[in-house]
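K.L.:
Would you be able to build a 3D model of this:
(chains A, B, C and D)
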Protein chains: 2
Amino acid sequence: MARKPPTKPRKNASQERSRATVDALVEATARILVREGFEKSSTNRIAEVAGVSVGSLYQYFPSKEALVAAVIDRHNEEIMGLVRATLTEVADMPIEKAVRRLVTVAIDAHRINPELHRVLAEQIPRAGKLDVEAFNREVHSLVRAYFERHRKEMRKIDLDVATFICVSAIEAVAHNTVLNEAEMLSEKMVRTLVDETARMVVGFLRPSA
Amino acid sequence: MARKPPTKPRKNASQERSRATVDALVEATARILVREGFEKSSTNRIAEVAGVSVGSLYQYFPSKEALVAAVIDRHNEEIMGLVRATLTEVADMPIEKAVRRLVTVAIDAHRINPELHRVLAEQIPRAGKLDVEAFNREVHSLVRAYFERHRKEMRKIDLDVATFICVSAIEAVAHNTVLNEAEMLSEKMVRTLVDETARMVVGFLRPSA
DNA sequence: CTATAATGCGAGCATTCACTCGCTTTTCCT
DNA sequence: AGGAAAAGCGAGTGAATGCTCGCATTATAG
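P.N.:
Numbers count the residues shown, from 1 in each chain, chains lettered A, B, ... in the order given. The predicted structure follows:
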């Protein structure tokens, strides 16, 4: 016993063809979320758009939620890539430079795929709750590490509190900038927002004198 | 013609009893959203919890969305009440005092009904999009009015930009404070967060010298 | 070439759920 | 009292949708 029955039931994409199927499904899910919204998305529709049958869909994704989670993961990974790279890049810069860079990146990150980001933020019910928390934790710990390294440039303040406030503020400005008012954003306006936000955060962190 | 047929089809609660029914339905909707989540909520369930029949439900609410919208409205009104009152109260205070008060109120507002707030923020698909925008606009314009009145205490900065950044930052800190980490918040911690956030915002607004 | 596994198919099942309709009960008004 | 309007009822309907299952097609190995 314990011989695997020949019918491998679920998941696992070993051949070439199946990898393509999985990709097509994730891609189709993202497109549908953006173009038709979460409510209109259905597994049948996703399969149709992916050019795949529902049966195949369920060979790789145990549920609709899993499909959405995959989209969220992919998107989060893109953003985390940007964030990780940037924090490495600014590791030795003084906080003035680094903060400005981080604010810029926050906005860029929200601009990777604004429509998808909006749908994920506004329309997805419960899914990926854990993913979002893990995401936040990583951002928090990366930023906190930078702050630790540059403690000397900063006033006396609890690093967790500082990180929490700075990350919250920067993320909120970036989020609202990209998602509110759609694309009424001139480049000049964006630069102003980056400058002012960076000024606020730096002023907050540096010694008051 | 144009004689109103005796069957008034929808809406409108004129008698006493019906007012109670409407209230019970809204209340039941809120309770279900909090206790079972948006996904599990159904009109049948809402009617059942309200102690009312589905038929009656549809006499007052044309759709499930309308029910959820009513809950959102009620909650928004509670918050806006707080915010309006506070901005009147602080109208003549200097920005140090006023900002501190506003940060406190932001957190209080999120604490009115944190569970409901979380559900409305995280689980409600599209509904009340307009409501949320109107809500944000009002907050923005109230805060902007305060800033205008106290321009002399501030450095030279575009008021819309300043309002946008301050409101975003304060809202985000309040939101994350109340919703993340659940209730691991000691009162001392909250005070620290209020102090630091207020410091950040005030430092941002005041003349740099 | 043949056997076996991997991948793909899609009609249909089971369920859920928003909403309707014909009717009864309660309230109001004279 | 009595009639009309308002309020309430809840089984039933129709449509949508997540997912299964038995079978077909394609790839791999011997």
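K.L.:
rest of the way, CA atoms for contacts and neighbours
P.N.:
OK.
K.L.:
give me the low-pLDDT residue ranges for chain A?
P.N.:
Chain A contains residues with pLDDT under 70 at A:1-14, A:126-128, A:181-184, A:209.
K.L.:
and residue A:125, what does it touch?
P.N.:
If you count contacts by CA atoms under 8 Å, 6 or more residues apart in numbering or on different chains, residue A:125 has them with B:38, B:39, B:122, B:123, B:124, B:125.
K.L.:
To clarify, my last question referred to residue A:120.
P.N.:
residue A:72.
K.L.:
Using the three-state scheme, assign it.
P.N.:
Per DSSP: H, G, I helix; E, B strand; the rest coil, the local secondary structure of residue A:120 is helix.
K.L.:
What distance do you get for it to residue A:80?
P.N.:
16 Å (CA to CA, to the nearest Å).
K.L.:
go on, residue A:146?
P.N.:
Residue A:146 sits 16 Å away from residue A:80 when distances are taken as CA to CA.
K.L.:
Close to chain B: what parts of chain A are there?
P.N.:
A:38-39, A:121-126, A:161, A:164-165, A:168-170, A:172-173, A:176, A:193, A:197, A:199-201, A:203-204 (CA under 8 Å from any CA of the partner chain).
K.L.:
Let me see the ranges of the strands in chain A.
P.N.:
Taking DSSP state E, chain A contains no strands at all.
K.L.:
closest point of it to DNA strand C, which residue?
P.N.:
Closest contact between chain A and DNA strand C, by CA to the nearest atom of the strand, is at residue A:55 (2.7 Å).
K.L.:
Contacts for stretch A:171-188 next, please.
P.N.:
A:103, A:106-107, A:110-111, A:114, A:118, A:197, B:164-165, B:168-169, B:172.
K.L.:
ok, 6 Å please
P.N.:
By CA atoms under 6 Å, 6 or more residues apart in numbering or on different chains, the surrounding residues in contact with stretch A:171-188 are A:106, A:107, B:168, B:172.
K.L.:
got a list of what the third one touches?
P.N.:
In this structure, residue B:168 makes contact with A:172, A:173, judged by CA under 6 Å, 6+ apart.
K.L.:
Against residue A:170, how distant is it?
P.N.:
For residue B:168, the distance to residue A:170 - CA to CA - is 9 Å.
K.L.:
how many neighbours does residue A:153 have?
P.N.:
By other CA atoms under 10 Å in any protein chain shown, 14 other residues sit near residue A:153.
K.L.:
Nearest residue to it in space, please, no chain neighbours.
P.N.:
residue A:206 (6.4 Å; CA to CA, 6 or more residues apart in numbering or on different chains).
K.L.:
and if you look at residue A:97?
P.N.:
Per CA to CA, 6+ apart, closest to residue A:97 is residue A:90, 7.9 Å.
K.L.:
Quick check, the one you found in contact with residue A:98.
P.N.:
Yes - when contacts are counted by CA atoms under 6 Å, residue A:90 is listed as touching residue A:98 (5.4 Å).
K.L.:
What about the contacts of stretch A:171-188, which are in helices?
P.N.:
A:106, A:107, B:168, B:172 (DSSP state H).
K.L.:
Could you identify the most distant pair in the residues you listed?
P.N.:
A:107 and B:172 (15.7 Å; CA to CA).
K.L.:
gap between the spatially most central residue of chain A and residue A:20?
P.N.:
Geometric centre of chain A, nearest residue: residue A:76, 3.3 Å, by CA atoms, centre = their mean. Note on residue A:76: its distance to residue A:20, by CA to CA, is 21 Å.
K.L.:
now do residue A:116
P.N.:
Distance from residue A:116 to residue A:20, by CA to CA: 22 Å.
K.L.:
What parts of chain A come near DNA strand D?
P.N.:
A:15, A:39-44, A:54-55, A:58, A:62-65 (CA under 7 Å from any atom of the strand).
K.L.:
Restricted to buried residues, select those in PyMOL.
P.N.:
In PyMOL, the members of the residues of chain A next to DNA strand D classed as buried (16 or more other CA atoms under 10 Å in any protein chain shown) are selected with the following command:
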select buried, chain A and resi 41+43+58
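K.L.:
Select, from the residues of chain A next to DNA strand D, the two members most distant in space.
P.N.:
Longest span within the residues of chain A next to DNA strand D, CA to CA: A:15 and A:39, 32.8 Å.
K.L.:
What's the local residue count around residue A:68?
P.N.:
Using other CA under 10 Å, residue A:68 has 21 neighbouring residues.
K.L.:
Sorry, wrong one. I was asking about residue A:30.
P.N.:
The tally of other residues near residue A:30 (other CA under 10 Å) stands at 27.
K.L.:
Please apply the same query to residue A:104.
P.N.:
By other CA under 10 Å, the residues close to residue A:104 number 20.
K.L.:
and if you look at the one 10 residues further on?
P.N.:
By other CA under 10 Å, 17 other residues sit near residue A:114.
K.L.:
for the one 5 residues further on, same thing?
P.N.:
Residues within reach of residue A:119, counting by other CA under 10 Å, total 19.
K.L.:
Distance check, it against residue B:120.
P.N.:
In terms of CA to CA, residue A:119 sits 15 Å off from residue B:120.
K.L.:
Could you do residue A:137 as well?
P.N.:
Applying CA to CA to residue A:137 and residue B:120 gives a distance of 23 Å.
K.L.:
Likewise for residue A:26?
P.N.:
Where residue B:120 is concerned, residue A:26 sits at a distance of 27 Å (CA to CA).
K.L.:
One more: residue A:131?
P.N.:
Distance of residue A:131 to residue B:120, computed by CA to CA: 19 Å.
K.L.:
cool, residue A:117 as well?
P.N.:
Distance of residue A:117 to residue B:120, given as CA to CA: 18 Å.
K.L.:
Same question for residue A:91.
P.N.:
Per CA to CA, residue A:91 is found 38 Å from residue B:120.
K.L.:
same deal with residue A:116?
P.N.:
20 Å.
K.L.:
Then residue A:163?
P.N.:
26 Å.
K.L.:
quick one, helices of chain A?
P.N.:
According to DSSP H, chain A carries its helices in the segments A:16-40, A:43-50, A:54-60, A:64-89, A:95-111, A:114-122, A:129-149, A:159-179, A:187-205.
K.L.:
Of those, which is nearest residue B:141?
P.N.:
helix A:159-179 (16.1 Å).
K.L.:
Would you indicate which residues of the closest one are buried?
P.N.:
Neighbour-count burial for helix A:159-179 [16+ other CA under 10 Å]: A:159, A:161-179.
K.L.:
Much appreciated, bye for now.
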